[in-house]
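Participant: everything below, folded, please.
(one chain, ligands or ions: 1)
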Amino acid sequence: MLTDLDHIRLADRPLVVCDVDDVVLQFATPFEAFLVERGYRLLPRSFKLTGNIVDAADNALDAVAVKDLIHDFFIEQERWQTPFAEAIDSLHALADTADLVFLTAMPPRHAEVRRRLLDRLTLSYPMISSEEPKGPFVAALHGGRPLPVAFIDDMVANLRSVGEHVPDCALVYLPPDVAIFRFAPDPEQHVLRARDWAEARWLIEAHFRR
Ligand SMILES: [Mg+2]
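Facilitator: Residues are numbered from 1 along each chain as shown. The predicted structure follows:
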(Lines give C-alpha, C1' and ligand atoms only; values in the text may rest on other atoms or scores of the structure.)
Protein backbone atom coordinates (compact mmCIF):
# COMPACT_ATOMS: atom_id res chain seq x y z
CA MET A 1 0.00 0.00 0.00
CA LEU A 2 1.10 3.55 -0.64
CA THR A 3 -0.26 4.49 2.78
CA ASP A 4 1.95 2.39 5.08
CA LEU A 5 5.59 1.63 5.70
CA ASP A 6 5.53 -2.09 4.83
CA HIS A 7 6.65 -1.63 1.22
CA ILE A 8 9.76 0.33 2.17
CA ARG A 9 13.12 -1.41 2.69
CA LEU A 10 15.98 0.83 3.75
CA ALA A 11 19.62 0.05 2.99
CA ASP A 12 22.47 0.59 5.44
CA ARG A 13 22.98 4.25 4.57
CA PRO A 14 21.63 7.72 5.43
CA LEU A 15 17.96 8.54 4.92
CA VAL A 16 16.27 11.59 3.36
CA VAL A 17 12.52 11.95 3.93
CA CYS A 18 11.02 14.56 1.63
CA ASP A 19 7.63 16.25 1.36
CA VAL A 20 6.21 16.62 -2.17
CA ASP A 21 3.69 19.49 -2.50
CA ASP A 22 5.44 22.87 -2.73
CA VAL A 23 8.80 21.15 -2.16
CA VAL A 24 9.27 18.83 -5.15
CA LEU A 25 6.12 19.65 -7.13
CA GLN A 26 4.69 23.15 -7.29
CA PHE A 27 1.34 23.41 -5.50
CA ALA A 28 0.41 27.02 -4.63
CA THR A 29 1.16 28.50 -8.05
CA PRO A 30 -0.65 25.92 -10.21
CA PHE A 31 -3.51 25.74 -7.67
CA GLU A 32 -4.04 29.47 -8.19
CA ALA A 33 -4.20 28.92 -11.95
CA PHE A 34 -6.63 26.03 -11.43
CA LEU A 35 -8.85 28.30 -9.31
CA VAL A 36 -8.91 30.96 -12.03
CA GLU A 37 -10.01 28.33 -14.55
CA ARG A 38 -12.90 27.49 -12.19
CA GLY A 39 -13.85 31.17 -11.79
CA TYR A 40 -12.25 31.73 -8.36
CA ARG A 41 -9.26 33.66 -7.01
CA LEU A 42 -6.85 33.14 -4.13
CA LEU A 43 -6.22 36.34 -2.19
CA PRO A 44 -2.89 36.31 -0.27
CA ARG A 45 -4.30 37.75 2.97
CA SER A 46 -3.10 35.15 5.48
CA PHE A 47 -1.46 31.71 5.57
CA LYS A 48 -4.51 29.56 4.84
CA LEU A 49 -6.74 28.64 1.92
CA THR A 50 -10.15 28.65 3.62
CA GLY A 51 -11.34 32.25 3.80
CA ASN A 52 -8.97 33.45 1.08
CA ILE A 53 -10.52 31.74 -1.97
CA VAL A 54 -13.26 33.98 -3.36
CA ASP A 55 -15.77 33.78 -6.19
CA ALA A 56 -16.44 36.45 -8.83
CA ALA A 57 -18.58 38.38 -6.30
CA ASP A 58 -15.73 38.29 -3.73
CA ASN A 59 -17.56 35.86 -1.47
CA ALA A 60 -15.18 33.52 0.36
CA LEU A 61 -15.78 29.79 -0.16
CA ASP A 62 -16.47 27.68 2.92
CA ALA A 63 -14.22 24.87 4.15
CA VAL A 64 -16.20 22.12 2.37
CA ALA A 65 -16.01 23.92 -0.99
CA VAL A 66 -12.26 24.47 -0.54
CA LYS A 67 -11.73 20.80 0.30
CA ASP A 68 -13.68 19.80 -2.83
CA LEU A 69 -11.51 22.08 -4.98
CA ILE A 70 -8.28 20.61 -3.55
CA HIS A 71 -9.72 17.14 -4.22
CA ASP A 72 -10.46 18.07 -7.86
CA PHE A 73 -7.00 19.61 -8.22
CA PHE A 74 -5.32 16.42 -7.00
CA ILE A 75 -7.42 14.35 -9.43
CA GLU A 76 -6.03 16.54 -12.23
CA GLN A 77 -2.56 16.97 -10.69
CA GLU A 78 -0.76 15.51 -13.73
CA ARG A 79 -2.12 18.37 -15.80
CA TRP A 80 -1.13 21.08 -13.31
CA GLN A 81 1.82 20.16 -11.14
CA THR A 82 5.41 20.53 -12.35
CA PRO A 83 8.69 20.19 -10.42
CA PHE A 84 10.69 23.08 -8.99
CA ALA A 85 13.97 24.00 -10.66
CA GLU A 86 16.82 21.71 -9.56
CA ALA A 87 14.49 19.45 -7.55
CA ILE A 88 14.92 16.39 -9.75
CA ASP A 89 18.70 16.70 -10.18
CA SER A 90 19.15 17.41 -6.46
CA LEU A 91 17.10 14.37 -5.45
CA HIS A 92 19.01 12.13 -7.88
CA ALA A 93 22.29 13.42 -6.41
CA LEU A 94 21.15 12.84 -2.81
CA ALA A 95 19.99 9.33 -3.74
CA ASP A 96 23.55 8.43 -4.77
CA THR A 97 24.52 8.20 -1.12
CA ALA A 98 21.21 8.07 0.79
CA ASP A 99 17.86 6.30 0.73
CA LEU A 100 15.10 8.65 -0.27
CA VAL A 101 11.44 8.39 0.79
CA PHE A 102 8.62 10.77 -0.15
CA LEU A 103 6.11 11.53 2.60
CA THR A 104 3.24 13.30 0.90
CA ALA A 105 0.42 14.81 2.95
CA MET A 106 -2.48 14.14 0.62
CA PRO A 107 -5.59 12.00 0.94
CA PRO A 108 -4.48 8.42 0.14
CA ARG A 109 -7.14 8.13 -2.60
CA HIS A 110 -4.91 10.37 -4.75
CA ALA A 111 -1.77 8.35 -4.06
CA GLU A 112 -1.79 6.34 -7.30
CA VAL A 113 -1.95 9.44 -9.50
CA ARG A 114 0.85 11.02 -7.47
CA ARG A 115 2.92 7.84 -7.77
CA ARG A 116 2.47 7.88 -11.56
CA LEU A 117 3.45 11.55 -11.80
CA LEU A 118 6.60 11.07 -9.71
CA ASP A 119 7.56 7.99 -11.76
CA ARG A 120 7.14 9.93 -14.98
CA LEU A 121 9.54 12.57 -13.59
CA THR A 122 12.11 9.78 -12.90
CA LEU A 123 11.47 10.09 -9.15
CA SER A 124 10.74 6.42 -8.56
CA TYR A 125 11.66 6.50 -4.87
CA PRO A 126 9.30 4.97 -2.29
CA MET A 127 6.33 7.15 -1.32
CA ILE A 128 3.94 7.22 1.60
CA SER A 129 0.68 9.13 1.33
CA SER A 130 -0.85 10.10 4.67
CA GLU A 131 -2.60 12.99 6.38
CA GLU A 132 -1.34 11.90 9.82
CA PRO A 133 1.37 13.90 11.65
CA LYS A 134 4.72 13.27 9.98
CA GLY A 135 6.90 12.83 13.09
CA PRO A 136 5.65 9.33 14.04
CA PHE A 137 6.07 8.17 10.41
CA VAL A 138 9.69 9.28 10.22
CA ALA A 139 10.38 7.77 13.65
CA ALA A 140 8.87 4.43 12.59
CA LEU A 141 10.78 4.48 9.31
CA HIS A 142 14.17 5.42 10.72
CA GLY A 143 13.82 3.63 14.07
CA GLY A 144 16.94 3.92 16.16
CA ARG A 145 19.36 3.34 13.29
CA PRO A 146 22.80 4.88 14.00
CA LEU A 147 22.75 6.62 10.62
CA PRO A 148 22.13 10.25 9.64
CA VAL A 149 18.59 11.30 8.69
CA ALA A 150 17.23 14.48 7.12
CA PHE A 151 13.69 15.77 6.54
CA ILE A 152 12.61 18.45 4.04
CA ASP A 153 9.25 20.26 4.19
CA ASP A 154 7.63 23.64 3.49
CA MET A 155 5.35 23.48 6.56
CA VAL A 156 6.67 24.52 9.95
CA ALA A 157 4.23 22.21 11.78
CA ASN A 158 5.60 19.17 9.92
CA LEU A 159 9.19 20.14 10.74
CA ARG A 160 8.21 20.53 14.40
CA SER A 161 6.48 17.13 14.43
CA VAL A 162 9.53 15.36 12.99
CA GLY A 163 11.87 17.27 15.32
CA GLU A 164 9.85 16.09 18.32
CA HIS A 165 9.86 12.43 17.28
CA VAL A 166 13.34 12.17 15.72
CA PRO A 167 15.56 14.56 17.71
CA ASP A 168 18.77 13.87 15.73
CA CYS A 169 17.08 14.52 12.35
CA ALA A 170 18.34 17.47 10.28
CA LEU A 171 15.24 19.59 9.58
CA VAL A 172 15.32 21.54 6.32
CA TYR A 173 12.74 24.25 5.67
CA LEU A 174 12.31 24.86 1.93
CA PRO A 175 9.37 27.24 1.39
CA PRO A 176 8.27 28.12 -2.15
CA ASP A 177 8.68 31.68 -3.40
CA VAL A 178 4.95 32.51 -3.51
CA ALA A 179 2.96 35.38 -2.01
CA ILE A 180 0.94 33.43 0.57
CA PHE A 181 4.15 32.14 2.21
CA ARG A 182 4.94 35.69 3.34
CA PHE A 183 2.36 34.98 6.06
CA ALA A 184 3.81 31.60 7.05
CA PRO A 185 5.07 31.24 10.64
CA ASP A 186 8.84 31.14 11.13
CA PRO A 187 10.42 27.76 11.86
CA GLU A 188 12.15 27.14 15.17
CA GLN A 189 15.77 28.16 15.57
CA HIS A 190 17.35 24.75 15.09
CA VAL A 191 15.61 24.32 11.70
CA LEU A 192 17.85 24.84 8.65
CA ARG A 193 16.41 27.25 6.09
CA ALA A 194 17.14 26.67 2.39
CA ARG A 195 16.48 29.27 -0.32
CA ASP A 196 16.46 26.70 -3.11
CA TRP A 197 17.17 23.05 -3.88
CA ALA A 198 20.89 23.60 -4.38
CA GLU A 199 21.14 24.95 -0.82
CA ALA A 200 18.89 22.20 0.59
CA ARG A 201 21.15 19.58 -0.97
CA TRP A 202 24.28 21.29 0.37
CA LEU A 203 22.83 21.45 3.92
CA ILE A 204 21.87 17.77 3.87
CA GLU A 205 25.21 16.62 2.47
CA ALA A 206 26.99 18.69 5.12
CA HIS A 207 24.86 17.01 7.83
CA PHE A 208 25.71 13.56 6.45
CA ARG A 209 29.45 14.36 6.53
CA ARG A 210 29.43 15.39 10.19
MG1 LIG B 1 4.27 20.61 1.32
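Participant: the ion contacts on this protein?
Facilitator: Asp19, Asp21, Asp22, Asp154 (CB under 5 Å from the ion). Bear in mind the C-beta positions are built from the backbone N, C-alpha and C, glycine included.
Participant: skipping adjacent residues, who's closest to the second one in space?
Facilitator: Same thing as Asp21. Phe27 (4.0 Å; CB to CB, 6 or more residues apart in numbering).
Participant: number of nearby residues for the one you found?
Facilitator: Neighbourhood size, Phe27 [other CB atoms under 10 Å]: 22.
Participant: and the protein, what are its domains?
Facilitator: Here the domain parsing of the chain from automatic domain parsing is 15-27+81-209, 28-80.
Participant: just those domains: most buried one?
Facilitator: With neighbours taken as mean count of other CB atoms under 10 Å, the domains of the chain reach their highest mean count in domain 15-27+81-209, at a mean of 18.
Participant: span of that one from start to end?
Facilitator: Distance between the boundary residues of domain 15-27+81-209 (CA to CA, to the nearest Å) amounts to 13 Å.
Participant: neighbouring strands - and their directions - for the helix or strand of the chain with the lowest mean pLDDT?
Facilitator: Here the helix or strand of the chain ranked lowest by mean pLDDT, DSSP states H and E is strand 127-129, holding a mean of 93. Strand pairing for strand 127-129, determined by DSSP bridges: strand 99-104 (parallel).
Participant: pull the distance from the strand it pairs with to the chain's centre.
Facilitator: 10 Å (CA atoms, centre = their mean, to the nearest Å).
Participant: quick one: the strands in this structure?
Facilitator: Assigned by DSSP state E, the strands in the chain fall at 15-18, 41-42, 53-54, 99-104, 127-129, 149-153, 170-173, 192-193.
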